[in-house]
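[1] let me see the structure of the following:
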Amino acid sequence: MLTVKLFAKARDLVGSPTVQLAWSDGQVVAHLKQVLGEQYPALVPLIPRLFVAVNNDYAADSTAISQADEVACFPPVSGG
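    Predicted coordinates:
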């Protein structure tokens, strides 16, 4: 299982600060976004703009994720 932390609007849409996903080591961020959209349809409009951090670093869609990694998702922040 992979624990994914959700922040801001992503957390609000899901209704929880974390989600647990079935996960195989080596799957990539793009797959994570796909699974999130399938399991949490409310996130679908947000996913194209969703930032994913793996072990405190922004991750590209091609970044591999293992179950031991710390993964966080959050939308762009606006304001001034």
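[2] name the element the residue nearest to Val54 when sequence neighbours are not counted belongs to?
    In space, Val54 comes closest to Asp69 once its chain neighbours are excluded; the distance is 5.2 Å by C-beta to C-beta, 6 or more residues apart in numbering. No exception for glycine: its C-beta is placed from N, CA and C like everyone else's. Per DSSP states H and E, Asp69 falls between elements, in no helix or strand.
[3] longest helix in this protein, by residue count?
    Longest helix in the chain by number of residues (criterion: DSSP state H): helix 29-39.
[4] other SSEs contacting the next helix or strand after it?
    Next along the chain after helix 29-39, taking DSSP H and E as the criterion, comes strand 51-54. In terms of contacts (3 or more C-beta pairs under 8 Å, 6 or more residues apart in numbering; DSSP states H and E), strand 51-54 is packed against helix 29-39, strand 71-74.
[5] list of residues touching strand 51-54?
    With contact meaning C-beta atoms under 8 Å, 6 or more residues apart in numbering, strand 51-54 is reached by 29, 32-33, 58-59, 63, 65, 69-76.
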